[in-house]
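In: take this sequence and fold it.
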Amino acid sequence: MNAFHPVELLAAAWEKGRFDWDPELDEERERALTDGRALTAYAERATAAWHDFLLGAGDAPGDRPIATSRGELGFSELVRSQRWHAAYHYRQLVEFLRSRGVTVRGSARLAADIGLPDEVF
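Out: Down below sits the predicted model:
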């Protein structure tokens, strides 16, 4: 959930000029996701909303300044930071599955593409 909620907020951040993610409320959001199906549906909705935003924005939504709790960022930097954040959690999942004997194809390539250092889990 923590990887998808910020992505869910990106379109509104572009529209409002503010990234309104309050991680302190993540636990409350997580409680509503009572099983794997609920989590999958949540992730699918966030992914679809991002996809729709990109289709509506055209080739390049621009790089307007966005206010965040950590200061102002250009929109592209905010998107890059959330891409890295999602990859970080993906890597955690891949490592958890690997510890259980499950191999995820393409995971090594993703780490190289995103630029995750080996020590990031």
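
In: list the buried residues of stretch 62-81.
Out: Of the residues in stretch 62-81, I66, T68, L73, F75, L78, V79 count as buried by neighbour count, 16 or more other C-beta atoms under 10 Å. Bear in mind the C-beta positions are built from the backbone N, C-alpha and C, glycine included.

In: which one of the residues you listed is nearest to A41?
Out: A41 lies nearest to V79 out of the buried residues of stretch 62-81, by C-beta to C-beta, at 23.6 Å.

In: coming back round to it: reformat the buried residues of stretch 62-81 into CSV and put pLDDT next to each item.
Out: As requested, those are arranged in CSV below (pLDDT from 0 to 100):
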residue, pLDDT
I66, 96
T68, 94
L73, 94
F75, 93
L78, 94
V79, 91
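
In: ok, now which ones touch T103?
Out: Neighbour list for T103: L97 [criterion: C-beta atoms under 8 Å, 6 or more residues apart in numbering].

In: am I right that it sits in a helix?
Out: No. Per DSSP: H, G, I helix; E, B strand; the rest coil, T103 lies outside any helix segment and is coil.

In: follow-up on the earlier one: I'd like the buried residues of stretch 62-81 laid out as JSON lines, including secondary structure and distance to A41.
Out: Shown next, in JSON lines, are the buried residues of stretch 62-81 (DSSP: H, G, I helix; E, B strand; the rest coil; distance: C-beta to C-beta, whole Å):
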{"residue": "I66", "secondary structure": "strand", "distance to A41": "28"}
{"residue": "T68", "secondary structure": "strand", "distance to A41": "27"}
{"residue": "L73", "secondary structure": "strand", "distance to A41": "30"}
{"residue": "F75", "secondary structure": "helix", "distance to A41": "27"}
{"residue": "L78", "secondary structure": "helix", "distance to A41": "25"}
{"residue": "V79", "secondary structure": "helix", "distance to A41": "24"}
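
In: in which helix or strand does W14 reside?
Out: helix 4-16 (DSSP states H and E).

In: can you check G62 too?
Out: Counting by DSSP H and E, G62 is found in no helix or strand.
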